[in-house]
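>>> structure for the following, please:
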Amino acid sequence: MDIVCLDLEGVLVPEIWIAFAEASGIPELKRTTRDEPDYDKLMTWRLSVLKEHGLGLKEIQETIAKIDPIPGAKEFLDELRTMTQVIIISDTFTQFAGPLMQKLGWPTIFCNSLEVADDGRITGYKMRISDSKYATVKALQSIGYETIASGDSYNDLGMIKASKAGFLFKSPASIREDHPELAAYEEYPELLAAIKKELA
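Predicted coordinates for the structure are as follows:
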């Protein structure tokens, strides 16, 4: 039995933090897992920037409400889900993901959660499990699934390499150059064809 594991941001929807950086006028918040492989370091830094500017969950959610999936993403996902089970494995948070899952037709997502104070300040975050993408793929394999994975960032490499087939999708040149052994695609029909071949 096969199951496809997809990253969310950069693969199906635009990067939330980049959109928020533009909306808030704080360009340094454009830094993502494409730039910083250490997720804890990245999130700790992000929370310190939010605190410094007096911004909280409400402001980020207002930006997320205006984000639409990448053109073609929902159609890709809809077609893929007619072929096999799909799970989105993301380092985003439940408080961010809801509106985006609605626009994508409510696929299954495994992600993390934020710790939010009564006044809306984000005080911390709780990771579902350490190294969640890799750990989730290994757990799925332990219950009899073969995984096919795709993502765009450093934090996707573990699940991509641990799967029977894995692909980079819309990755920056730096990651593609660092990992020439991984097939890299830019368009949904290409990725769908590559996955379909593995499902055959």
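
>>> excluding its backbone neighbours, what's nearest Gly191?
In this structure residue 191 is Leu, not Gly. Spatial nearest neighbour of Leu191, excluding adjacent residues (C-beta to C-beta, 6 or more residues apart in numbering): Tyr185 at 4.6 Å. To be clear about C-beta, it is placed using only N, CA and C from the backbone, and glycine gets the same treatment.

>>> contacts only, for that neighbour.
Neighbour list for Tyr185: 167-170, 191, 194 [criterion: C-beta atoms under 8 Å, 6 or more residues apart in numbering].

>>> what does Ala21 give?
Ala21 makes contact with 27-30, according to C-beta under 8 Å, 6+ apart.

>>> which of the three states applies to it?
helix (DSSP: H, G, I helix; E, B strand; the rest coil).

>>> can you show me the strands along the protein?
2-6, 85-93, 108-116, 122-126, 146-151, 165-169, 183-185 (DSSP state E).

>>> which other residues reach the fifth one?
Contacts of strand 146-151 with the rest of the structure, by C-beta under 8 Å, 6+ apart, involve 1-7, 10-11, 133, 137, 140-141, 156-157, 159-160, 162-169, 191, 195, 198-199.

>>> partners of it, with directions?
Applying DSSP bridges, strand 146-151 is found paired with strand 2-6 (parallel), strand 165-169 (parallel).

>>> where's the last one relative to the chain centroid, distance-wise?
Strand 165-169 sits 14 Å away from the centroid of its parent chain (C-alpha atoms, centre = their mean, to the nearest Å).

>>> ok, back up a step: any chance of the contacts of Tyr185 in JSON lines, plus distance to Pro99, neighbour count and pLDDT?
Shown next, in JSON lines, are the contacts of Tyr185 (distance: C-beta to C-beta, whole Å; neighbours: other C-beta atoms under 10 Å; pLDDT from 0 to 100):
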{"residue": "Phe167", "distance to Pro99": "27", "neighbour count": "23", "pLDDT": "98"}
{"residue": "Leu168", "distance to Pro99": "27", "neighbour count": "23", "pLDDT": "98"}
{"residue": "Phe169", "distance to Pro99": "22", "neighbour count": "23", "pLDDT": "98"}
{"residue": "Lys170", "distance to Pro99": "21", "neighbour count": "19", "pLDDT": "96"}
{"residue": "Leu191", "distance to Pro99": "24", "neighbour count": "22", "pLDDT": "98"}
{"residue": "Ala194", "distance to Pro99": "29", "neighbour count": "16", "pLDDT": "98"}
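
>>> and of those residues, the nearest to Asp35?
Proximity of the contacts of Tyr185 to Asp35 was ranked by C-beta to C-beta; the top entry is Lys170 with 15.0 Å.

>>> for the residue nearest to Leu191, name its beta-bridge partners.
With DSSP bridges as the rule, Tyr185 is bridged to Phe169.

>>> returning to that earlier point: for the strands of the chain, which one ends up most surrounded?
With neighbours defined as mean count of other C-beta atoms under 10 Å, these peak in mean count at strand 146-151, which reaches a mean of 24.
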